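Colleague: Sequence and computational prediction follow.
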Amino acid sequence: MDEKKLAIIATKGSLDWAYPPFILASTAAALGYETQIFFTFYGLQLLKKKLALEVTPLGNPGMPMPMGMDKWFPVLGMTLPGMQGMVTSMMKQKMKSKGVASIEELRELCIEAEVKLIACQMTVDLFDMDRAVFIDGIEYAGAAAFFEFAGDSDICLYI
């Protein structure tokens, strides 16, 4: 029987959106899936050597807030200076207290499990990004190359 395949397209570059592609990819690899993640547009932030990811509570009404803030704190309050940093800090603390691995740890787990991490060459060129800012061991390819894999995959996720 052929090896199962999982293709993931990662488009978001915030802390809260960094977890799904790495958790799903590392889990799939552990279950024997051949796995690739195609990072495009803001998703390329997840491949940088130095991660400066923050949570984006504004425009994310489903995000549970501590102390029921989502019920009594106005959405407009999320635009106040320092709020994004505060929410990011709270999220990181919550993850740590629950034993959830960091993005760096999950990313390394994916690399060790031979998940192929692909940076969208068009996006790198579009934003004049320097390849030196990205971690070692990633590949650069266009959408057409990724679709060769995704077209044959058992599962394809857009995150």
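Modeller: Ah, there it is. Residues are numbered from 1 along each chain as shown.
Colleague: drop to CA atoms for contacts and neighbour counts, all remaining ones
Modeller: Fine.
Colleague: Which pLDDT does the model give the most centrally placed residue in the chain?
Modeller: Centre of the chain computed as the mean C-alpha position; nearest residue by CA atoms, centre = their mean is Ala18, 2.7 Å away. Reported pLDDT at Ala18 in the predicted model: 94.
Colleague: Kindly report the same for Ser97.
Modeller: Per-residue confidence at Ser97 stands at 84 (pLDDT).
Colleague: Can you get me a residue count around it?
Modeller: 9 (other CA atoms under 10 Å).
Colleague: hang on, Leu46 is in a helix, isn't it?
Modeller: Yes - with DSSP: H, G, I helix; E, B strand; the rest coil as the criterion, Leu46 is located in a helix.
Colleague: if we can go back for a sec, can you tell me the SS state at the residue nearest to the centre of the chain?
Modeller: Classification of Ala18 using three-state DSSP returns helix.
Colleague: show me what contacts it?
Modeller: When the contact criterion is CA atoms under 8 Å, 6 or more residues apart in numbering, the partners of Ala18 are Lys12, Leu46, Ile103.
Colleague: ok, it to Ile159 distance?
Modeller: From Ala18 over to Ile159 the distance is 9 Å, taken as CA to CA, to the nearest Å.
Colleague: which neighbours do these two share?
Modeller: Common neighbours of Ala18 and Ile159, using CA under 8 Å, 6+ apart, are Lys12.
Colleague: Looking at the contacts of Ala18, spot the one nearest Thr35.
Modeller: Closest approach between these and Thr35, by CA to CA: Leu46, at 16.7 Å.
Colleague: In contact with the closest one, which residues are there?
Modeller: Shown in contact with Leu46 (CA under 8 Å, 6+ apart): Gly13, Ala18, Phe39.
Colleague: isn't the last one right up against Lys116?
Modeller: It refers to Phe39. No - distance between Phe39 and Lys116: 10.7 Å, which falls outside the contact criterion (CA atoms under 8 Å).
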